[in-house]
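Q: whatever this is, show me its structure:
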Amino acid sequence: MATGHDDHHHGPAKGFTRWLYTTNHKDIGSMYLWFSFAMFLLGGSFALVIRAELFQPGLQFVDPNFFNQMTTMHGLVMVFGAVMPAFVGLANWMVPLMIGAPDMALPRMNNWSFWILPFAFAMMSSTLFMDGGGPNFGWTFYAPLSTTFAPKSVTFFIFAVHMMGASSIMGSINIIATIQNLRAPGMTYMKMPLFVWTWLITAYLLIAVMPVLAGVVTMMLFDIHFGTSFFSAAGGGDPVLFQHVFWFFGHPEVYIMILPAFGVVSEIIPTFSRKRLFGYDSMVYATSSIAFLSFIVWAHHMFTTGMPLAGELFFMYSTMLIAVPTGVKVFNWITTMFKGSISFETPMLFSIAFVVLFTMGGFTGLMLAIAPADFQYQDTYFVVAHFHYVLVPGAVFSIMAAAYYWLPKWTGNMYDESLGKLHFWLSFVGINVLFFPQHFLGLAGMPRRVPDYALQFANFNMISSIGAFLFGFSQLLFLFIVIKTVKGGKKATTQVWEGAEGLEWTVPSPAPYHTFSTPPPIK
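A: Purely as a prediction, here's the structure:
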């Protein structure tokens, strides 16, 4: 691939220009992964400010307005800066390799869709230093808090969101074009690895919902600067309209953050169980069903806005329906492990933790789906506990599992297994100490997004904050492990994963993508 320079005269680009102009899917995948890790540490430090403030009641560690900016920025940076770019990085690295493609279909656009992101997040982060401070209205930026009462920096926030959306749409177009056009001969859809399937479906979701997000922030922009009243009742608009448009984007978005995770663990669990994945076809259909259902459940975030009973019932039942395909997937993962020759290397530990803890997050989601019960849970720490169980042991653990699983392939070096296991256990303990007590806080009535709280919530908040610092600082160990592996170490063999018992994994993977020296015959 040309790099933007005249290669014939100068040879390959060196140093920084190599990364600036690269059209190589592996380089771009690596940049996405490093960028997302930087954002993970930034968003995590915002979270530690939140937990420090809540360590004990009455403690004013930061100003309440700054606290609100932290809750907002933590959510935005983690969702759009850490989780999504990490999965896009994994897609860039692995999808062409898994389908036998030479590169992504649109390498130039691939470069651009990455380089938009550092500028978008630099702009978003810079709002914290602006007059009146950064966005302080929560990551869901509900109007009129984000329009009528917002700090002046909200305009920069809107622009940053537009840039991220453009990046996501271009990345998705690229993934779809690659999967549909560049599969090796004989690689039919139903032979694709599940990670490829989940990303194909995720890319369609992104293309469907990113313009909705762009629409809602544009309506905000017009309300703020051009005298419209989309979200102002005084001018004939409605603040609840904001919630409908936002959550029509926002609900599919949460599935965008978990479907690639399903793909990752569907690659890892069969490897370390030394068995083929149980129920490949049903996994594909379940993923597609989840994607479809994600579009018709958005108002379950809005049970307390006064919708008609018929609306409550529809959104309650449709939300509960998502538990069916999700249950199918969990069943298939567990059945894959059943009677397998399991070995517990780091990627497998993260994947098993994913299955257990994600399922728990799913059950609390089912509780929140029950409309009359939701009236009690709404806006309490129970909701925070629920979606963090889905996103942290869910999305984040699967990204870590993927990193450990594919690092030997990416670097040619084996990571330090004992350090990897240490990282897993510190993270596993930290995350549960951090988020499990929040269920109790929420059920006892502690509201979310508050910088201070009543005395009866003190103990669980202290435990939660201790867990936060344990989990947060454990990630520095992860950074160390990755750098150590990139720099050198034991060379990875062609059969990387020899089990703890010396078992070698010889079962062919569900999709024949290991060697394409002799392509399978076209059917």
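
Q: mind showing which ranges of the stretch 151-300 of the chain have poor pLDDT?
A: For the stretch 151-300 of the chain, no stretch has pLDDT under 70.

Q: distance of the nearest residue to residue 106 once chain neighbours are set aside relative to residue 103?
A: The spatially closest residue to residue 106, leaving aside those adjacent along the chain, is residue 174, at 4.8 Å (CB to CB, 6 or more residues apart in numbering). Every C-beta, even on glycine, is put in place using the N, C-alpha and C of the backbone. Separation of residue 174 from residue 103 (CB to CB, to the nearest Å) stands at 10 Å.

Q: what's stretch 222-241 in contact with?
A: Stretch 222-241 is contacted from outside by 142-144, 147-148, 150, 154-155, 219-220, 242, 302, 305, using CB atoms under 8 Å, 6 or more residues apart in numbering.

Q: actually stretch 268-279, not the one I wrote
A: So stretch 268-279 is contacted by 194, 266, 283, 328, 331-333, 335-345, 347-348, 350-352, 355, 401-402, 405, 497, 499, 503, 505, 507-510 (CB under 8 Å, 6+ apart).

Q: next, the buried residues of it.
A: By 16 or more other CB atoms under 10 Å, the buried positions in stretch 268-279 come out as 268-275, 277-279.

Q: look up phi and psi at the spatially closest residue to residue 40 that is not a sequence neighbour.
A: With CB to CB, 6+ apart as the criterion, residue 40 has its nearest non-adjacent residue at 4.1 Å, and that residue is residue 82. When read as degrees, to the nearest 10, the backbone of residue 82 gives phi -100, psi -60.

Q: also residue 313?
A: Dihedral angles (degrees, to the nearest 10) for residue 313: phi -60, psi -50.

Q: got it, and residue 447?
A: Torsion angles, degrees, to the nearest 10, at residue 447: phi -70, psi 150.

Q: so it touches residue 382, yeah?
A: No: checked against CB atoms under 8 Å, the pair residue 447 and residue 382 is beyond contact range at 10.5 Å.

Q: neighbour-wise, which of the two wins?
A: Legend: neighbour count by other CB atoms under 10 Å for residue 447 and residue 382, higher for residue 382 (25 against 14).

Q: give me the element that one is part of.
A: If you go by DSSP states H and E, residue 382 is part of helix 381-390.

Q: ok, and for that helix, which residues are buried?
A: Buried residues in helix 381-390, counted by 16+ other CB under 10 Å: 381-390.

Q: which of these lies closest to residue 373?
A: Nearest to residue 373 among the buried residues of helix 381-390 is residue 382, at 10.0 Å by CB to CB.

Q: how close does the closest one sit to residue 389?
A: From residue 382 to residue 389 the distance is 11 Å (CB to CB).

Q: quickly list what's touching both of the two.
A: residue 364.

Q: contacting residues for the residue nearest the centre of the chain?
A: Residue closest to the average C-alpha location in the chain (CA atoms, centre = their mean): residue 83, at 3.2 Å. By CB under 8 Å, 6+ apart, the residues touching residue 83 are 36, 257, 391, 395-396, 399.

Q: repeat that with 7 Å
A: Residue 83 is in contact with 257, 391, 395-396, counting by CB atoms under 7 Å, 6 or more residues apart in numbering.

Q: try residue 55
A: Counting by CB under 7 Å, 6+ apart, residue 55 makes contact with 461-462, 465.

Q: out of the residues you listed, which sit inside strands?
A: Taking DSSP state E, every one of these sits outside strands.

Q: of these, closest to residue 409?
A: residue 465 (37.8 Å).

Q: assess the claim that that closest one and residue 53 are in contact.
A: No: counting by CB atoms under 7 Å, residue 465 does not reach residue 53; the two are 8.9 Å apart.

Q: just the CA atoms of the helix or strand where residue 265 lies, as PDB, please.
A: Counting by DSSP H and E, the element that carries residue 265 is helix 259-273. C-alpha atoms of helix 259-273 as PDB (Å, rounded to 0.1, in the frame of the first residue of the first chain):
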ATOM      1  CA  LEU A 259     -21.400  -7.700  20.800                       C
ATOM      2  CA  PRO A 260     -17.700  -7.700  19.800                       C
ATOM      3  CA  ALA A 261     -17.000  -9.000  23.400                       C
ATOM      4  CA  PHE A 262     -19.300 -11.900  22.700                       C
ATOM      5  CA  GLY A 263     -17.200 -12.600  19.600                       C
ATOM      6  CA  VAL A 264     -13.900 -12.500  21.500                       C
ATOM      7  CA  VAL A 265     -15.000 -14.900  24.200                       C
ATOM      8  CA  SER A 266     -16.500 -17.200  21.500                       C
ATOM      9  CA  GLU A 267     -12.900 -17.400  20.100                       C
ATOM     10  CA  ILE A 268     -11.200 -17.900  23.400                       C
ATOM     11  CA  ILE A 269     -13.400 -20.400  25.300                       C
ATOM     12  CA  PRO A 270     -13.200 -23.100  22.500                       C
ATOM     13  CA  THR A 271      -9.400 -22.800  22.400                       C
ATOM     14  CA  PHE A 272      -8.900 -23.400  26.100                       C
ATOM     15  CA  SER A 273     -11.600 -26.000  26.300                       C
END
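
Q: kindly reformat the contacts of residue 55 as JSON lines containing pLDDT and distance to residue 74.
A: What follows is these, written out as JSON lines (pLDDT from 0 to 100; distance: CB to CB, whole Å):
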{"residue": "461", "pLDDT": "98", "distance to residue 74": "17"}
{"residue": "462", "pLDDT": "98", "distance to residue 74": "20"}
{"residue": "465", "pLDDT": "98", "distance to residue 74": "14"}
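
Q: show me which of those residues is closest to residue 486.
A: Scanning these for proximity to residue 486, where the rule is CB to CB, the winner is residue 465, at 32.8 Å.

Q: so how far is residue 316 from residue 368?
A: Residue 368 is 10 Å from residue 316, by CB to CB.

Q: so what pLDDT did the closest residue to residue 66 other than its chain neighbours get?
A: Distances taken as CB to CB, 6+ apart put residue 133 closest to residue 66, at 6.8 Å, once the chain neighbours are dropped. Residue 133 carries a pLDDT score of 95 in this model.

Q: got it, and residue 492?
A: pLDDT for residue 492: 87.

Q: ditto for residue 520
A: pLDDT recorded at residue 520 is 47.

Q: residues in contact with stretch 411-421?
A: 345-346, 349, 404, 407-408, 477, 481, 484-486, 488-492.

Q: surely residue 234 is within a strand?
A: No: Residue 234 is assigned helix when assessed by DSSP: H, G, I helix; E, B strand; the rest coil, not a strand.

Q: distance-wise, check it relative to residue 142.
A: Going from residue 234 to residue 142 by CB to CB gives 17 Å.

Q: which one's more surrounded, those two?
A: residue 142 (15 against 8).

Q: doesn't residue 242 make contact with that one?
A: Yes: counting by CB under 7 Å, residue 142 touches residue 242, with 6.1 Å between them.

Q: who's in contact with residue 393?
A: Contacts of residue 393 (CB under 7 Å, 6+ apart): 353-354, 357-358, 431.

Q: so what pLDDT did it get?
A: pLDDT, residue 393: 97.

Q: tell me the spatial nearest neighbour of it, not counting adjacent residues.
A: Excluding the flanking residues, the one nearest residue 393 by CB to CB, 6+ apart is residue 357, at 3.4 Å.
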